[in-house]
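Trainee: sequence unknown, structure follows:
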């Protein structure tokens, strides 16, 4: 409860417009607690809650010190915003530099591989898929119309088909040219024995057909894809192209491989879903794609893992390319290119190909 004394003391402070102090002529007004008040207009007694709220609102009236504090707070906020803006700018600058380095490394690998393996006498050339492949086509176009006039280029998918057409090169099909002189393709990951994980773009069926059809199969990638063991950097799992009719049963079989083949299998195997449409990814062949992560112990022997997965009914193709590549070219951050050969030889070459 609020006492009468408290109300008497607080009302003139909280509602001065309601009251007129009574004073003796010629004297200063007495202290506020001795005022007597006459209401100048009707009013309703405020509730204790509102009175408390008003007390909090009026107990600290604006002052110069408060204004200075507000200005200081505004300046601090401004400085913080400027610092955040500077941080964002620096982060964008670093990200841009990293992206430029990454793209430069892809270009290095592609240009070096084309200069070494796409020779004037090669007439039928396979063009793979992935983010490094545009640089492959760029370098081939740079070889000139005279060299490319009699050539035919076989794509592994829609992306490479578009690159071939836009580059003004002749488009062919593996049905017409089942034997290919050289195929150059990207990879999601490559181990030291040139075993590859491919299929991040869901083109691995056609990629494997062109890799097998080629006299020479060459892989190009940036430094991130060069690993000692498959699955170290590529965490999405082994891409598996499957018949849509069989995908549910295949997922069940992949989850339960422990009961059938004596190893744990891939309990996290999942259907790859599209990002820009509702539903699953559909390959150029009208199939679905499953991503199946496997443990390190099973990735050590990709040949055996490939055989086990292909035994499952409904599997169209597996994104494990074992013993197929003749060489792999990796563009590095320092402007060099690391080349791994199928015989185990490793060499590092400069960037003269890109400087030309």
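Mentor: Received, thanks. Predicted, not measured: the structure shown is a model, and the values here were computed from it. Residues are numbered from 1 along each chain as shown.

Trainee: contacts, neighbours, all on C-alpha from now
Mentor: Noted.

Trainee: Check what pLDDT residue 308 gets.
Mentor: pLDDT recorded at residue 308 is 89.

Trainee: do the one 4 residues further on as well
Mentor: Residue 312 carries a pLDDT value of 94.

Trainee: Now do the contacts for the closest residue to it other than its chain neighbours.
Mentor: Excluding the flanking residues, the one nearest residue 312 by CA to CA, 6 or more residues apart in numbering is residue 250, at 7.2 Å. Contacts for residue 250 (CA atoms under 8 Å, 6 or more residues apart in numbering) come out as 312-315.

Trainee: do the same with residue 284
Mentor: Residue 284 is in contact with 157-158, 203, counting by CA under 8 Å, 6+ apart.

Trainee: Of those - the most surrounded one?
Mentor: Using other CA atoms under 10 Å as the neighbour criterion, residue 203 leads the contacts of residue 284 with 24 neighbours.

Trainee: Hmm, that one is touching residue 157, no?
Mentor: Yes: counting by CA atoms under 8 Å, residue 203 does reach residue 157; the two are 6.3 Å apart.

Trainee: Need the overlap of contacts for those two.
Mentor: Common neighbours of residue 203 and residue 157 are listed as 129, 284 (criterion: CA under 8 Å, 6+ apart).

Trainee: Just the buried residues from the contacts of residue 250, in PyMOL please.
Mentor: Typed into PyMOL, the line below selects the buried ones among those, using 16 or more other CA atoms under 10 Å:
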select buried, resi 314+315
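
Trainee: Could I get the contacts of residue 250 in a markdown table, plus columns for distance to residue 95?
Mentor: A markdown table is the format used below for those (distance: CA to CA, whole Å):
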| residue | distance to residue 95 |
| --- | --- |
| 312 | 43 |
| 313 | 44 |
| 314 | 42 |
| 315 | 39 |
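
Trainee: Just the pLDDT for residue 246.
Mentor: Value for residue 246, per-residue pLDDT: 97.

Trainee: Helix, strand or coil: sort out it for me.
Mentor: Of the three states, residue 246 takes helix under DSSP: H, G, I helix; E, B strand; the rest coil.

Trainee: Pull the contacting residues for it.
Mentor: Residues near residue 246 by CA under 8 Å, 6+ apart: 313-314.

Trainee: What's the separation between it and residue 236?
Mentor: 21 Å (CA to CA, to the nearest Å).

Trainee: If you average the pLDDT over the stretch of helix or strand residue 74 belongs to, what comes out?
Mentor: Assigned by DSSP states H and E, residue 74 falls within helix 64-117. If you average the pLDDT over helix 64-117, you get 79.
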